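S.K.: sequence plus the predicted model coming up.
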Amino acid sequence: MIIARTIDELQEAKNTLLGSIGFVPTMGALHEGHLSLIRKAREENENLIVSIFVNPTQFLDGEDLDKYPRKDEADIKICQLASVDILFMPAISQMYERDELCIGAPMISGYVLEGASRPGHFDGMLQVVMKLLNLSGATKAYFGKKDAQQLALIMQMVRDYFLDVEIVPCDIVRESSGLALSSRNVYLSTEEKIRALALSKSLQKATNLIISGELDSAQIKAEMVEILSVVDEVEYVAIVDRTFNEIDKVEIGNSMILVAAWVGKPRLIDNIWV
Ligand code: AMP
């Protein structure tokens, strides 16, 4: 595995590759969720590039940029074991100029839910993903459904800017308890981890209600909120269609249920696609 820390090193390493390139962008502190993307990309492509870059422009003032978990040595070993060809770990100065052209998230779907809670987050996310996709030269890039709105906006950017890359959505990986894996879970104490299960439990409850024929969004959300009473703060519970418009009735095959909540220090998100 080649570790490239500069754009030049990345380009040089890429020159040694022949054939298709799969790409998995991450912010590191790798866990089984990231690994599921890496394994899928490994299977489906001749070459595999993974990036680890904690992107400052997608963190808002007061968010956890400085405290975001960093585990470079462990991450390098994980990537080696996963047969990654190139691990791209750039410094911020490699990725950004002082006065940059910026990409803006769409004014509607980029400013609801996560975009409403974290205005500006998606601009920074799209900006770095555009850079990373271009640098990687990937034919396929892999993203988790855990960040459902992020995934949808990246797919839209690829369409709107005619980027020549296939975005591959990957299922959410969970602990056996149901908790969706996240780099931010390391902030949870044992007691908080138990309360954090309310997110996946509320989504499980929603699934059971839908299976039993309940499609009314207000009714489903009310039952979810009850389960979520143990978290410190619920930021949103939403039932939306695939373009993130809130819907009054679940449309099976075209709906998502999303939740964001604070438990102790971290803000956690989870969702199901129904
Ligand atoms: P991050 O390092 O948090 O930026 O995540 C990098 C990629 O891994 C994103 O595409 C995430 O959606 C994906 N990811 C993070 N957690 C999970 C998970 N539990 N299951 C599946 N994909 C995940």
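M.R.: Looks like it came in fine.

S.K.: please report phi then psi for the residue nearest in space to the middle of the chain.
M.R.: What sits nearest the mean C-alpha location of the chain, by C-alpha atoms, centre = their mean, is D147, with 3.7 Å. Torsion angles at D147 (phi, psi; degrees, to the nearest 10) stand at phi -100, psi 70.

S.K.: how close does it sit to R184?
M.R.: 12 Å (C-beta to C-beta, to the nearest Å). (C-beta placed from N, C-alpha, C; glycine too.)

S.K.: surely the residue nearest to the centre of the chain and I269 touch.
M.R.: Yes - between D147 and I269 a contact is recorded at 7.3 Å, counting by C-beta atoms under 8 Å.

S.K.: flag every residue of the protein that's near the ligand.
M.R.: 26-27, 33-34, 36-37, 143-144, 146-147, 170, 172-173, 180-183 (C-beta under 6 Å from any ligand atom).

S.K.: can you list which of the residues you listed are found in strands?
M.R.: Of the positions in the residues of the chain next to the ligand, 26, 143-144, 170 sit in strands, assigned by DSSP state E.

S.K.: burial of the residue in the stretch 101-250 of the chain positioned nearest to the ligand, as a residue count?
M.R.: Relative to the ligand, the nearest point of the stretch 101-250 of the chain is G144 (2.3 Å; C-beta to the nearest ligand atom). By other C-beta atoms under 10 Å, 22 other residues sit near G144.

S.K.: repeat that for P56.
M.R.: P56: 14 neighbours (other C-beta under 10 Å).

S.K.: filter the ones in strands among the residues of the chain next to the ligand to the buried ones?
M.R.: 26, 143-144, 170 (16 or more other C-beta atoms under 10 Å).

S.K.: which helix is the longest one in the protein?
M.R.: Criterion DSSP state H: the longest helix present in the chain is helix 190-211.

S.K.: now it: buried residues?
M.R.: Buried-residue list, helix 190-211, by 16+ other C-beta under 10 Å: 192-193, 195-203, 205-206, 209-210.

S.K.: can you pull out the helices in the stretch 1-150 of the chain?
M.R.: 7-14, 32-44, 72-81, 92-95, 114-117, 121-136, 148-160 (DSSP state H, counting those that start in this stretch).

S.K.: what's the angle between the first one and helix 121-136?
M.R.: Using axes from the mean of the first three to the mean of the last three C-alpha atoms, to 10 degrees, the interaxial angle of helix 7-14 with respect to helix 121-136 works out to 50 degrees.

S.K.: what comes into contact with helix 7-14?
M.R.: 2, 4, 21, 49, 85-86, 88, 90, 94, 135, 137 (C-beta atoms under 8 Å, 6 or more residues apart in numbering).

S.K.: okay, now F122: neighbour count?
M.R.: 25.

S.K.: distance of I272 relative to the ligand?
M.R.: 13 Å (C-beta to the nearest ligand atom, to the nearest Å).

S.K.: now for that residue, how many residues are close by?
M.R.: Applying other C-beta under 10 Å, I find that I272 has 19 neighbouring residues.

S.K.: I figured it hits L203, correct?
M.R.: Yes - with contact defined as C-beta under 8 Å, I272 counts as touching L203 (4.7 Å).

S.K.: tabulate the contacts of helix 7-14 (JSON lines), appending distance to F122.
M.R.: Below are those laid out as JSON lines (distance: C-beta to C-beta, whole Å):
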{"residue": "I2", "distance to F122": "31"}
{"residue": "A4", "distance to F122": "27"}
{"residue": "I21", "distance to F122": "25"}
{"residue": "I49", "distance to F122": "23"}
{"residue": "D85", "distance to F122": "30"}
{"residue": "I86", "distance to F122": "27"}
{"residue": "F88", "distance to F122": "22"}
{"residue": "P90", "distance to F122": "21"}
{"residue": "Q94", "distance to F122": "22"}
{"residue": "L135", "distance to F122": "20"}
{"residue": "G137", "distance to F122": "24"}
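
S.K.: noted, bye for now.
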